[in-house]
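[1] got a sequence here, can you model it:
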Amino acid sequence: MDKTPASASRETTIMAVWPSVATFKLGRLLGQLYAFGPRVSLLGVPLRPGWLIALAALPLSVLLYAMKIAPRVLVVIGPSNPFCRRYRLTTERVLIEHPFDALSKSRSERATQASVKLDEFDAIDKDDQPGYDWYRADDLVFRREGEEVLRLAAVPHAEAFRQTCLKARQGLLGVQKSREATTPPTVAQGEG
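    This is a model prediction of the structure:
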């Protein structure tokens, strides 16, 4: 796994995604509760018992969301918030990073939590967890020869991000192949 900061090269962001609140166990449990029960119609209005739970749990949901996006433990001061992260696809790799530390020159080296280069995986699988359906999220598992090299948890609208990653990978491999084909072989001195 690559740990170099994104600013070390001339890579460009293609797409960035913030994980869903389903990354938290409590978020997954709430997602299961929200989807609870059959749809019924009351005076022509479609209802589901889980929707009432969603209304009752709204303050808890807002707290989970705030934990997900607050840059610091005490919002603006204190240590870096370990739950604040985003997934970013660049022209060279896929990263899990702290978005606000990535903007800081003094903290950008430690902003990247994990990453994989686009030529270091050959497949991306979607892994559905209980409670993800409500959030329309899936885990994306990057694999190389069947082995997991990176997992992005609770990616909202995961198929769109997955397809974009595969297309970026295909583009990078095409450019690399084109460069190899146009680069003349070097001959060592003293030979032929």
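[2] residue 120 versus residue 177, what's the distance?
    For residue 177, the distance to residue 120 (CB to CB, to the nearest Å) stands at 16 Å. No exception for glycine: its C-beta is placed from N, CA and C like everyone else's.
[3] more neighbours: the two, which one.
    residue 120 (16 against 10; other CB atoms under 10 Å).
[4] what's the neighbour count on the nearest residue to residue 19 once chain neighbours are set aside?
    Spatially, and ignoring its direct neighbours in sequence, residue 19 is nearest to residue 154 (4.7 Å; CB to CB, 6 or more residues apart in numbering). Residues lying near residue 154 (other CB under 10 Å) number 25.
[5] okay, the host helix or strand of residue 154 in CSV with CA atoms only?
    Here residue 154 sits within strand 147-156, counting by DSSP states H and E. C-alpha atoms of strand 147-156 as CSV (Å, rounded to 0.1, in the frame of the first residue of the first chain):
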residue,chain,number,x,y,z
GLU,A,147,-6.3,-10.7,-2.6
GLU,A,148,-7.8,-7.6,-1.0
VAL,A,149,-5.5,-4.6,-1.2
LEU,A,150,-7.9,-1.8,-0.2
ARG,A,151,-11.4,-1.6,1.2
LEU,A,152,-13.5,1.6,1.1
ALA,A,153,-16.3,1.3,3.6
ALA,A,154,-19.9,2.5,3.0
VAL,A,155,-19.4,4.3,-0.3
PRO,A,156,-22.7,6.0,-1.3
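[6] against which helices or strands is that strand packed?
    strand 93-97, strand 112-117, strand 137-144 (3 or more CB pairs under 8 Å, 6 or more residues apart in numbering; DSSP states H and E).
[7] and of the ones you listed, who's closest to residue 40?
    Between residue 40 and the helices and strands packed on strand 147-156, the tightest spacing by CB to CB is seen for strand 137-144, at 26.0 Å.
[8] relative to residue 21, how far out is residue 97?
    In terms of CB to CB, residue 97 sits 18 Å off from residue 21.
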